[in-house]
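K.L.:
Have a look at this prediction, sequence included:
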Amino acid sequence: MPESWKQRLDAIISEKRDEVRDLRRHLHAHPEPSGVELATSMHLYQLLGQLGVEVQMGPEGCGAIADGGSEKDSVLGRIAVRGDIDALRIQDEKTTPYRSTHPGIMHACGHDAHTSIAFGVVQALVLLTESGSLPWPINWRVIFQPSEETATGAAQMIETDVLVGVEKIFALHVDPTRRTGEIALRSGPMTASCDAVHLTITGRGGHAARPHESRDPIAAAAQLINSLYQFVPRATDTQDAVVLTFGSIQGGTNPNVIPDQVELRGTMRTLDSGVRSRTIDQIHQVIRGVEGITSTKIELTLDASIASVVNDAAATSLIWQAGEEVVGAKNVQLITRPSMGSEDFACYLEHVPGAMFRLGCAADLAAITPLHTPKFDIDETALEIGVRVLVRAVVAACEPQIK
């Protein structure tokens, strides 16, 4: 019986698993934060060039785009896969041989895994094409995107026409709350929209011993945070999700000096555009109240707003079917409620249909290392699963009767 393309695919991925794993470890040991992924991008550019694919660098040398397919001049639209390449400003506290060598920077969100899986997709598609194993012509594009963590990279890549000719796009995110060998997804909203919230509180500085002579922006900041945390949820329907969190407070340099200004930075996350608008109105109302009782001036700026990831039904179905083939039907799980996390993959989905899925990466659920923590790590056997699912989805998306 002749070997099927899926058997050939799985054989290729098995043969290349060590290369994918080694790339992940290299990236983990040499992380770069958002906007300065220059060495990462050049490393990927060189590896992709060795595969013989058409490759170009992303904007300002960050990111890379690889193109390939069965027919160079085909009228087929491209099926895209996106992997993100940036790391976080977190100190790696692991003791593994591949722990970060860059102080204060680590891949704590799994982008090294996403990038390695995306590279594995390129490898597999190239070798399937060279061996003549593909069941029908395909055209594909794999996007290695910078600056996901700052929610700016997807928009930058889109501005360089990375979606021109693309008909569908797929992505994944590792999930340490799920066992390796499980994947999860849903059609429709999958993540929250996210607005970066920047509040500038301007008062009048003074001596710490005489606060009555100042307009204390630190006191105003404390009142503002407490009021927002209390009254924004109270003004929102209990069946609607809103999360407002501040992760940075900057103000003052001396313990005995009241500063002139304090800055607060955080995020606001919602699942509905109407809820988002009403929440912004409520924030402004709270601001006016705090200004009135503290005699300070408070300025609100919303930056780097991104929409919800909304998975297309047909694209979700392709991932679901591919997942069942790879891990079995019982290990493909429905996500019942959207996450309040955010993902700038949403930017692509505002232009073309696509889907993102969660890839289980925990060898032991009793020893989970959560995302965005100093000891985050993955079970590397999940890498191969991610490649198998994505390549199947790409090929299936090009099947003539589907198009």
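P.N.:
Yep, that arrived.
K.L.:
Can you get me a residue count around Q91?
P.N.:
12 (other Cβ atoms under 10 Å). C-betas here are computed from N, CA, C, even on glycine.
K.L.:
which residues touch the helix-or-strand element of the chain with minimal mean pLDDT?
P.N.:
Across the helices and strands of the chain, the lowest-confidence element by mean pLDDT, DSSP states H and E is strand 297-306, at a mean of 90. Outside of strand 297-306, the residues within contact range by Cβ atoms under 8 Å, 6 or more residues apart in numbering are 150-152, 154, 193-203, 220, 224, 268, 280, 283-284, 287, 290-291, 342-344, 346-347.
K.L.:
could you flag which of those residues are buried?
P.N.:
Neighbour-count burial (16 or more other Cβ atoms under 10 Å) applied to these gives 151-152, 154, 193-203, 220, 224, 268, 280, 283, 287, 290, 342-344, 346-347.
K.L.:
looking at it, I143 is touching V55, isn't it?
P.N.:
No. Counting by Cβ atoms under 8 Å, V55 is not a contact partner of I143; they are 11.3 Å apart.
K.L.:
Could you pull out the residues contacting both of those two?
P.N.:
With Cβ under 8 Å, 6+ apart as the test, I143 and V55 both reach I65.
K.L.:
Which stretches in this structure count as helices?
P.N.:
Assigned by DSSP state H, the chain shows helices spanning 5-15, 17-29, 38-50, 111-130, 153-159, 217-234, 273-294, 313-327, 345-349, 381-397.
K.L.:
Now distance to I138 and mean pLDDT too, for the ones you listed, in JSON lines please.
P.N.:
As requested, those are arranged in JSON lines below (distance: least, Cβ to Cβ, whole Å; pLDDT from 0 to 100):
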{"stretch": "helix 5-15", "distance to I138": "11", "mean pLDDT": "96"}
{"stretch": "helix 17-29", "distance to I138": "21", "mean pLDDT": "98"}
{"stretch": "helix 38-50", "distance to I138": "18", "mean pLDDT": "98"}
{"stretch": "helix 111-130", "distance to I138": "7", "mean pLDDT": "97"}
{"stretch": "helix 153-159", "distance to I138": "21", "mean pLDDT": "96"}
{"stretch": "helix 217-234", "distance to I138": "48", "mean pLDDT": "96"}
{"stretch": "helix 273-294", "distance to I138": "36", "mean pLDDT": "95"}
{"stretch": "helix 313-327", "distance to I138": "13", "mean pLDDT": "98"}
{"stretch": "helix 345-349", "distance to I138": "19", "mean pLDDT": "97"}
{"stretch": "helix 381-397", "distance to I138": "6", "mean pLDDT": "98"}
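K.L.:
looking at those, which is closest to K94?
P.N.:
helix 17-29 (9.1 Å; Cβ to Cβ).
K.L.:
Other residues contacting that closest one?
P.N.:
Contacts of helix 17-29 (Cβ under 8 Å, 6+ apart): 40, 43, 47, 85, 97-101, 106-107, 111-113, 115-117, 119-120, 123, 380, 383-384, 387.
K.L.:
With stretch 363-377 instead?
P.N.:
Stretch 363-377 is contacted from outside by 88, 90-94, 96, 106-110, 176-177, 179-180, 362, 379, 381, using Cβ under 8 Å, 6+ apart.
K.L.:
Would you mind giving me the PyMOL syntax to select the buried ones in the residues you listed?
P.N.:
Filtering these down to the buried ones (16+ other Cβ under 10 Å) takes a single PyMOL command:
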select buried, resi 88+90+92+106+107+108+109+110+176+179+180+362+379
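K.L.:
Of the contacts of stretch 363-377, which belong to strands?
P.N.:
Applying DSSP state E to the contacts of stretch 363-377, the entries found in strands are 176-177, 179, 362.
K.L.:
From these, pick the one nearest R337.
P.N.:
T177 (13.6 Å).
K.L.:
The helices of the chain into a markdown table, with extra columns for distance to H372?
P.N.:
Listed next are the helices of the chain as a markdown table, based on distance: least, Cβ to Cβ, whole Å:
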| stretch | distance to H372 |
| --- | --- |
| helix 5-15 | 29 |
| helix 17-29 | 15 |
| helix 38-50 | 19 |
| helix 111-130 | 11 |
| helix 153-159 | 17 |
| helix 217-234 | 21 |
| helix 273-294 | 23 |
| helix 313-327 | 25 |
| helix 345-349 | 17 |
| helix 381-397 | 18 |
